[in-house]
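J.: give me a 3D structure for the following:
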Amino acid sequence: MTEAGRDTDADISIRNLLTVYNINQPDKKITFYNTWAKRYEKDLAVINYQAHVFAAEVLDPVFPKERDNALVLDVACGTGGVAEQLQKLGFKNFHGIDGSEGMLKVAQSKDLYQSLKKFLIVPGEQLPAPSDTYDLVIVVGALSYGLLSLDVLPELLRVAKPGAFICLSTKDEMGREYMQQLLVCMDELESKGLWIKVVKKKIDHWQKIVLPTELSSEYISGLVAIYRKSD
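T.: The predicted model follows:
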């Protein structure tokens, strides 16, 4: 707070982050994302959130260098941060899916995606994409508590081409079991022969911890995992 009692810009960012972390109902979360879209990237910068950068850094050395024709599906694409990073690595063809119209409008303004679809990803429903289509399927920032269900993993496999890459990221949510459950599901899919692990990398400084009244100087860890769909 400022001396005059007004919220600083950082105060507003922290309040927005705490709000989204505490909304569990999908419809209410989407409503908040719609209003939050224009501040989204600014607020995430306050916690030094760089999941899209980490994902690109882990993907770059393992994905083939010929990327001009590679078709990417960016699941829960948000404001397009992933596409911005991947474009720097030579990717040019992006399709995005997100449940928030507000976030999609920001993504569209960046002129990176050939296709953007509004779609709320819920358990039991197929992604709005044909089978065996994409060279890379990527999910950054949405594999966490209150966002995507782990039921989405088989759908990521379905829409990927045989031999395609699937890039996943998640964070350690300090006491919540989502990351551990995700790791179990990833191992189960590998044991069934549906995909093959390429790399799994722990990131110690994933993002700063947001406390109820302030921003911590400490960080939580995160994970980037890349698999290849079996032929």
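J.: quick check, residue 170 in contact with residue 223.
T.: Yes. Shown here, residue 170 and residue 223 form a contact pair, counting by C-beta atoms under 8 Å, at 5.4 Å. Placement of C-beta: from N, CA and C, glycine included.
J.: overlap in contacts, those two.
T.: Counting by C-beta atoms under 8 Å, 6 or more residues apart in numbering, the common neighbours of residue 170 and residue 223 are residue 179.
J.: so which of the two has more stuff around it?
T.: Shown here are residue 170 and residue 223; by other C-beta atoms under 10 Å, residue 170 has more neighbours (26 against 22).
J.: what sits against the closest residue to the more buried one other than its chain neighbours?
T.: Among residues not flanking residue 170 along the chain, residue 143 sits closest, at 4.4 Å (C-beta to C-beta, 6 or more residues apart in numbering). By C-beta under 8 Å, 6+ apart, the contact set of residue 143 is 168, 169, 170, 178, 182.
J.: show the subsequent helix or strand relative to the helix or strand where the second one lies.
T.: So that's residue 169. Element membership of residue 169, judged by DSSP states H and E, is strand 160-171. Scanning forward in sequence from strand 160-171 by DSSP H and E, the next helix or strand is helix 178-191.
J.: next, the buried residues of that next one.
T.: Judged by neighbour count using 16 or more other C-beta atoms under 10 Å, the buried positions of helix 178-191 are 178, 179, 182, 186, 189.
J.: which member of those is positioned nearest residue 155?
T.: Distance to residue 155, by C-beta to C-beta, is smallest for residue 189 among those, at 11.8 Å.
J.: what's the spacing between the residue nearest to that closest one when sequence neighbours are not counted and residue 166?
T.: If the residues on either side of it in the chain are set aside, residue 189 comes closest to residue 195, at 5.6 Å by C-beta to C-beta, 6+ apart. Counting by C-beta to C-beta, to the nearest Å, the separation of residue 195 from residue 166 is 7 Å.
J.: cool, and residue 108?
T.: Going from residue 108 to residue 166 by C-beta to C-beta gives 25 Å.
J.: between these two, who's got more neighbours?
T.: Neighbour count, other C-beta under 10 Å: between residue 108 and residue 166, residue 166 has more, with 25 against 14.
J.: OK, contacts around the more buried one?
T.: By C-beta under 8 Å, 6+ apart, the residues touching residue 166 are 136, 137, 138, 156, 157, 160, 195, 226, 227, 228, 229.
J.: what about those residues, which are in helices?
T.: Among those, DSSP state H puts 156, 157 in helices.
J.: between the contacts of residue 166, which sits nearest residue 25?
T.: The closest of those to residue 25 turns out to be residue 156 (C-beta to C-beta; 24.0 Å).
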